[in-house]
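> Need a 3D model of the following:
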Amino acid sequence: MPDQNQEPDLIQRLLQDPILGLANYTSLARLMPLIELREYAVGANLCQIHTPIEGLFLLISGRIALSRPDGTLIPHDENRCGEESATDFKECLVQAVALEPVRSLFIPRASIQILAAEQPIIKQASITSLMSHVSGQSLKPPASRQISSGDTPSTLSTRIGWLLAILLPALMLYYGDQLNLESNITTFLAISTATILMWMFSLVDDYIPGLFAIVSILMAGLVPPSVVLSGFSSNSFLMAMSILGLSTVIASSGLGYRTLLLLLYRLPNTRFWNNLGLILIGFVLTPLIPSINARLAMVTPFFTDMVKSLRLEPQGKAATRLSVSAFTGVSLMSAMFITSKSVNFAMFSLLPTQAQDQFQGFRWLVAAGVFGLSMLVAHMIGDLLLMRTREQPQLDKSRVALQLQLLGKLKHREWAAVLGIGVFIVGMMTASWHQIQPTLLGMSIFYALLLFGSLRKKELTEKIDWPFLLYLGELTGLVSVFNYLGLDQHLASALPTLGAIMRDNFDLFVLLLFIMISLVRLVIPISITIVILITLFMPLAEIYGIHPWIVGFIILIFGEIWFMPYQCSYYQKYQEINGAQPLYKESSFLLFNALMNLFRLLAIYASFPYWRAMGLL
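Model prediction:
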């Protein structure tokens, strides 16, 4: 390493370098003890073509000449060579010769490789620099510095969130006695307040606040461990794990993509059926893939390909209608199935045991049937009002046929996925005959996929959303603690007016809930809004004689309401396809979405007679 009095120059040289300057300060600090100071005479080779690359050279003084393998000189204004050391190349691609006595910082290749593995932008910038030298064209490397987790700047919202997460629980503990609350209830409320605030302000990943709460409750000894950990043995947790395993095999085996192609190939080639095809694709994926983001990732390429192959006018009504159909297909029915979204499992876990048995499998879909049909009708009305066009698209089915031909026959893992889906559906439909619980059926399929290698070890660890499963188990356990401490009764006594409205005038309660959630969603994300409200209102509904599934289902529906892009994380992801060359007209898309939000309220009211006929209301 250079002398101590040279260290300020060393730091300056590292930070000013266009490549190493992109690394975060922590990585550079670890690199500094490995740096050597070397000197070269005139004519010495720092890098020689077809010889092993030693490392990266950063010149302090002197000049070097760079040349290509054919001997042509490379014009450059960089005091650096040896970028190959940060790439997969093991030999020098560029010759570097000293034109004057050279003093240089030298970083060994092994050290640069470690840095490039930690900071991929270093490798990208090194390859860009090499390609510039070899091609003779000026290419710009990435310009953004990599920020380590410890360097991440905190926003005002984050600071306020942490401040509230510390102060409000402390105030709850301090004033708990004055509220005449038992000590264990006061402690639980303080823990819950901190947890909710961490969720509301998105201070950490969603599963971390729940983990904090579970550990805090266990340390405080507020309830028996079997109560707070009950979520990890609940039916909803086990069912979610089995569905995630099956959906992983469906996606990774290629069965999901094959199904999408078959739908497009078999449906009639008209404007109506092209749009209906995209909607049906989303509907098919909805009960199989428990994530709107994952479903959007699968459907979005079909939308972009269809817009181009049908030669639709960019941002025209036909292209915008297709975009609405693709988005609607994967999101509209997300509350219609237990398995279609993570918060649905959370809502299911809050139902009483008897109600869970009542809404297993297709019985959830049956109860939500009128709402689903109403929303389909609403979608058609919205199409007629806002998306009418005379453009006549034509899908190139020969291209789809070639894609199917390339996929070939069903592979082993695809057959395993088909068998798993078939067994699950038939088992659910015949549950009254064989008396096998859906949870046991789902876990049997999950273990069978593991046993026969259809669900691979790497997929088990990387593809299954384990943070979500932790989040679900934690949430279910916290609700069990809530009820064990009798807080559901305290909540009923604290909200008598709202409970009375829920019991005596449910129509008004639904309208008030719609307005409240619409306002809350202006500042709080979808999942957190739903989780907080189902935790509050489902126990309250049970106390006041309203079926908790209805209240939970309505919250699931209203929680999806959004008017501006920032309110919906999965739309922001979908929005990326409208980048440099927009494919659909966003103002028309958002207007259609606003209209569908109003139809959600009307569709809930339309379901009331049906729910009364079922004895739910």
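> Which residues are in contact with the closest residue to residue 487 other than its chain neighbours?
Distances taken as C-beta to C-beta, 6 or more residues apart in numbering place residue 185 nearest to residue 487, at 6.6 Å, with adjacent residues excluded. Backbone N, C-alpha and C define where each C-beta goes, glycine included. By C-beta atoms under 8 Å, 6 or more residues apart in numbering, the contact list for residue 185 reads 176, 485, 486, 487, 490.
> Buried ones from those, can you make that a ChimeraX selection?
This is how ChimeraX selects the buried members of those, with burial counted by 16 or more other C-beta atoms under 10 Å:
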select :176,485,487
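> ok, of the contacts of residue 185, which one's closest to residue 270?
For the contacts of residue 185, the residue nearest residue 270 by C-beta to C-beta is residue 487; the value is 56.5 Å.
> you'd agree that closest one is up against residue 184?
No: under the criterion of C-beta atoms under 8 Å, residue 487 is not in contact with residue 184, lying 10.5 Å apart.
> what do those two both touch?
In terms of C-beta under 8 Å, 6+ apart, residue 487 and residue 184 are not both contacted by any residue.
> for residue 105, helix, strand, or coil?
Assigned by DSSP: H, G, I helix; E, B strand; the rest coil, the conformation of residue 105 is strand.
> Who does it form a beta bridge with?
Counting by DSSP bridges, residue 105 forms beta bridges with residue 37, residue 58.
> What residues does it make contact with?
2, 10, 13, 35, 36, 37, 38, 57, 58, 59, 60.
> and the residues you listed, which are buried?
Buried members of these, counted by 16+ other C-beta under 10 Å: 2, 10, 13, 35, 57, 58, 59, 60.
> Same list (these) but as CSV, adding distance to residue 594.
Shown next, in CSV, are those (distance: C-beta to C-beta, whole Å):
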residue, distance to residue 594
2, 63
10, 58
13, 56
35, 59
57, 60
58, 56
59, 60
60, 62
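> From residue 481, how far out is the nearest residue to residue 19 once chain neighbours are set aside?
Leaving aside its chain neighbours, residue 19 sits nearest to residue 125 (4.6 Å; criterion: C-beta to C-beta, 6+ apart). Separation of residue 125 from residue 481 (C-beta to C-beta, to the nearest Å) stands at 51 Å.
> where does the stretch 1-150 of the chain have low pLDDT?
The stretch 1-150 of the chain contains residues with pLDDT under 70 at 1-8, 138-150.
> On the three-state scheme, the residue nearest in space to the middle of the chain is what?
Nearest to the mean C-alpha position of the chain, by C-alpha atoms, centre = their mean, lies residue 293 at 5.8 Å. With three-state DSSP as the basis, the three-state label of residue 293 is helix.
> again with residue 464
Per three-state DSSP, residue 464 ends up coil.
> From what I see, it and residue 245 are in contact.
Yes: using C-beta under 8 Å, residue 464 is in contact with residue 245, at 6.3 Å.
> between these two, who's got more neighbours?
Legend: neighbour count by other C-beta atoms under 10 Å for residue 464 and residue 245, higher for residue 245 (25 against 18).
> what's the spacing between the residue nearest to the centre of the chain and residue 576?
As defined by C-beta to C-beta, residue 293 lies at a distance of 12 Å from residue 576.
> State the distance from residue 337 to residue 384.
For residue 337 relative to residue 384 (C-beta to C-beta), the value is 28 Å.
> no wait, residue 435
Applying C-beta to C-beta, one obtains 48 Å for the distance of residue 435 from residue 384.
> do residue 95 as well
Counting by C-beta to C-beta - residue 95 and residue 384 are separated by 69 Å.
> Neighbour count: these two, which is higher?
Neighbour count, other C-beta under 10 Å: between residue 95 and residue 384, residue 95 has more, with 22 against 9.
> Hmm, residue 51 and that one touching each other?
No: look at residue 95 against residue 51 with C-beta under 8 Å: they stay out of range, at 9.8 Å.
> Just name the shakiest helix or strand of the protein by mean pLDDT.
One helix or strand of the chain scores below all others by mean pLDDT, DSSP states H and E: helix 487-494, with a mean of 72.
> ok, residue 119 - contacts?
22, 23, 24, 27, 146.
> Is the fourth one part of a helix or strand, or is it coil?
Think residue 27. Classified using three-state DSSP, residue 27 is helix.
> in stretch 351-360, what counts as buried?
Buried residues in stretch 351-360 (16+ other C-beta under 10 Å): 351, 355, 356, 359, 360.
> Now do the end-to-end distance for it.
11 Å (C-alpha to C-alpha, to the nearest Å).
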